[in-house]
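Undergrad: have a look at this prediction, sequence included:
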Amino acid sequence: MDDMRFRLRIFLAITIGVMAIGVLGLMYTEGLGLGEALYFSIVTLTTVGYGDISPHTAMGRFLAVVMILAGVGAFMGVVANVTEMLLSRREQDIRSGKTHMVTSIFFSELGNELLRLCAASDVNPGQLEKFVGVDGKWGKDEFRTLRRSLLGHDFKVDMSKIDLPKARQMLRANSELLLRLLENPFMLENEKFSAVLLAVFHLRDELTHRPDLNDLPQSDLAHLAMDFSRVYTLLTEHWLGYVQYLAANYPYLYFMAVRSNPFCPGPVDVVVRG
């Protein structure tokens, strides 16, 4: 998309430059008024060429040739790039919709539960009030502010508050779901969500390869704390983007996501924005 924007700017600059030279040159060489010179330049660049105005001097014909050779190509480049951008944007919207549909399944089946487990063991629970406040009245400004505040939160967990056997059982029960999501082509294209899945998979493996989770040495607990914190950070960031997308595109799914807010201990009363 950035390459298309860059090409569009180049073609626009050439088109405007050629048109400006053509208008000024025709006014000087052909004695045309501003309106007639602009009209002639536009019909020439757009390849319409009604023929009601034509240059009579050698210099005027030279300017017409310049506009045809340089300006028409540049104008066609503008049209082609605008069309490509529109088609690309539509394709991205379709892909984004399918990606968020799969994301919805992930959070419904596993993500919310895992995020709730992490949030309940946050070492700074008082800082989670900003996440608890997400409700049906939120708009772009509120989500933008909350996203900025993510940078200031330390996503660390208190391992003494986490039921490790329960976490292992939960992750094992959803192993097939995680595999299916990793196989999904839309998820592979989404680097951020792929990072979430890989972090969750790694946490599952770390818990699975420790037979006795009730009597772990401090070194193992410290290692698991880093794994939980990584999952906690990635899940929170992705959950926020997911909920914001629902708020803008699927209000009925958004209200359900707010009611099951993993940062709240119980169901949330949803208040609809007036």
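TA: Alright, I've got the coordinates. Residues are numbered from 1 along each chain as shown.
Undergrad: helices along the stretch 1-150 of the chain, start to end?
TA: Here the stretch 1-150 of the chain has its helices, by DSSP state H, counting those that start in this stretch, at 2-29, 34-45, 58-66, 72-106, 112-120, 129-132, 140-149.
Undergrad: now these in CSV, with distance to Leu164?
TA: Just so you know, the C-beta spots here come from the backbone N, C-alpha and C atoms, and that holds for glycine as well. Shown next, in CSV, are the helices of the stretch 1-150 of the chain (distance: least, CB to CB, whole Å):
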stretch, distance to Leu164
helix 2-29, 45
helix 34-45, 70
helix 58-66, 75
helix 72-106, 22
helix 112-120, 10
helix 129-132, 24
helix 140-149, 29
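Undergrad: out of those helices, which gets nearest to His238?
TA: Comparison of the helices of the stretch 1-150 of the chain against His238 by CB to CB identifies helix 72-106 as nearest, at 7.4 Å.
Undergrad: so the closest one versus helix 112-120, what angle?
TA: 80 degrees (axes from the mean of the first three to the mean of the last three CA atoms, to 10 degrees).
Undergrad: list the buried residues for helix 72-106?
TA: Neighbour-count burial for helix 72-106 flags Val72, Ala74, Phe75, Gly77, Val78, Asn81, Thr99, His100, Thr103, Ser104, Phe106 (criterion: 16 or more other CB atoms under 10 Å).
Undergrad: between these, which is nearest Leu150?
TA: Using CB to CB, those come closest to Leu150 at Thr103, 17.8 Å.
Undergrad: next one: the closest residue to the closest one other than its chain neighbours from Pro262, what distance?
TA: Of all residues beyond its chain neighbours, the one nearest Thr103 is Tyr242 (5.2 Å), with distances taken as CB to CB, 6 or more residues apart in numbering. As judged by CB to CB, to the nearest Å, Tyr242 and Pro262 stand 12 Å apart.
Undergrad: with Leu235 instead?
TA: Leu235 is 8 Å from Pro262, by CB to CB.
Undergrad: shared neighbours, these two?
TA: With contacts defined as CB atoms under 8 Å, 6 or more residues apart in numbering, the residues adjacent to both Leu235 and Pro262 are Gly111, Leu115.
Undergrad: higher neighbour count, the two?
TA: Neighbour totals were compared for Leu235 and Pro262, and Leu235 leads with 24 against 21 (other CB atoms under 10 Å).
Undergrad: which residues does the more buried one contact?
TA: Going by CB under 8 Å, 6+ apart, Leu235 touches Gly111, Leu114, Leu115, Cys118, Val196, Val200.
Undergrad: what does Ile53 give?
TA: By CB under 8 Å, 6+ apart, the contact set of Ile53 is Leu32, Glu36, Tyr39, Phe40.
Undergrad: how about Ala199?
TA: Contact analysis of Ala199 by CB under 8 Å, 6+ apart lists Asp227, Arg230, Val231, Leu234.
Undergrad: same list, those residues, but as a markdown table with neighbour count, pLDDT and secondary structure please.
TA: Formatted as a markdown table, those follow (neighbours: other CB atoms under 10 Å; pLDDT from 0 to 100; DSSP: H, G, I helix; E, B strand; the rest coil):
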| residue | neighbour count | pLDDT | secondary structure |
| --- | --- | --- | --- |
| Asp227 | 18 | 94 | helix |
| Arg230 | 18 | 94 | helix |
| Val231 | 25 | 94 | helix |
| Leu234 | 19 | 92 | helix |
